[in-house]
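Colleague: I would like the atomic coordinates for the input below:
(2 chains)
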Amino acid sequence: GAGVSQSPSNKVTEKGKDVELRCDPISGHTALYWYRQSLGQGLEFLIYFQGNSAPDKSGLPSDRFSAERTGGSVSTLTIQRTQQEDSAVYLCASSLGGAGPIYEQYFGPGTRLTVT
Amino acid sequence: SQQGEEDPQALSIQEGENATMNCSYKTSINNLQWYRQNSGRGLVHLILIRSNEREKHSGRLRVTLDTSKKSSSLLITASRAADTASYFCATGIGYSTLTFGKGTMLLVSP
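Modeller: The predicted structure follows:
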């Protein structure tokens, strides 16, 4: 079956511009996560959606970052007024959610963002 | 701060040898997961071990968990060149997010 897809795969933008990154999770997965990975680093949690509950935004690094999930499926991560330190690979993951221990997460291929 | 920290940061071995990577964490968890990341397949889940389990096997992978020492190890037996990748441990706290370490880079030479 189809996995998690992300678009675009690469994005180069000028400092100060806004960017939107898209994630299509696996059908039926109620949980969706956004992470950021800088070169040679681990994954930094950004935001988590679970069903219709209010998202966990505790990982967003600043108010320039926001995300929404429409219809419990597709998610968009928006970065306003991009800065060079925003350059990273942005990874989306989905999993079966629910009131239980964490399930394994299925990751998309990522969007490589370069801010010049 | 990182919840999980992998050790070593980098490991280089020959094909056929075993590779052992360790992960230490700070707070109580309800499960620990290992993931692999390479350029070809992105980030892929390998194995999940729950806090009440001590050892788990999957193919050539063996994971142990010692909650008293807050540590886990991943053993890859009879390594292959295709095992070359970065390996991350991720800890699950509560019922929401995972916290990932910085990873161990494994290089398996033919």
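Colleague: is it true that A:H29 touches A:S94?
Modeller: Yes: counting by Cβ atoms under 8 Å, A:S94 is a contact partner of A:H29 at 3.8 Å. Quick note: C-beta positions are derived from backbone N, CA and C, even for glycine.
Colleague: tell me, what's touching those two both at once?
Modeller: A:Y106 (Cβ atoms under 8 Å, 6 or more residues apart in numbering or on different chains).
Colleague: Look at those two and report which has more neighbours.
Modeller: When A:H29 and A:S94 are compared for neighbours, A:S94 comes out ahead with 26 against 18, by other Cβ atoms under 10 Å in any protein chain shown.
Colleague: And for the closest residue in space to that one that isn't next to it in sequence, the neighbour number?
Modeller: Leaving out its chain neighbours, the residue that sits closest to A:S94 by Cβ to Cβ, 6 or more residues apart in numbering or on different chains is A:P25, at 3.4 Å. Per other Cβ under 10 Å, the neighbour tally for A:P25 reads 27.
Colleague: Wait, A:P25 touches A:S75, no?
Modeller: Yes: counting by Cβ under 8 Å, A:P25 touches A:S75, with 7.2 Å between them.
Colleague: which neighbours do the two share?
Modeller: Common neighbours of A:P25 and A:S75 (criterion: Cβ under 8 Å, 6+ apart): A:32, A:92.
Colleague: picking that back up, tell me who's in contact with the residue nearest to A:S94.
Modeller: A:4, A:32, A:73-75, A:92, A:94.
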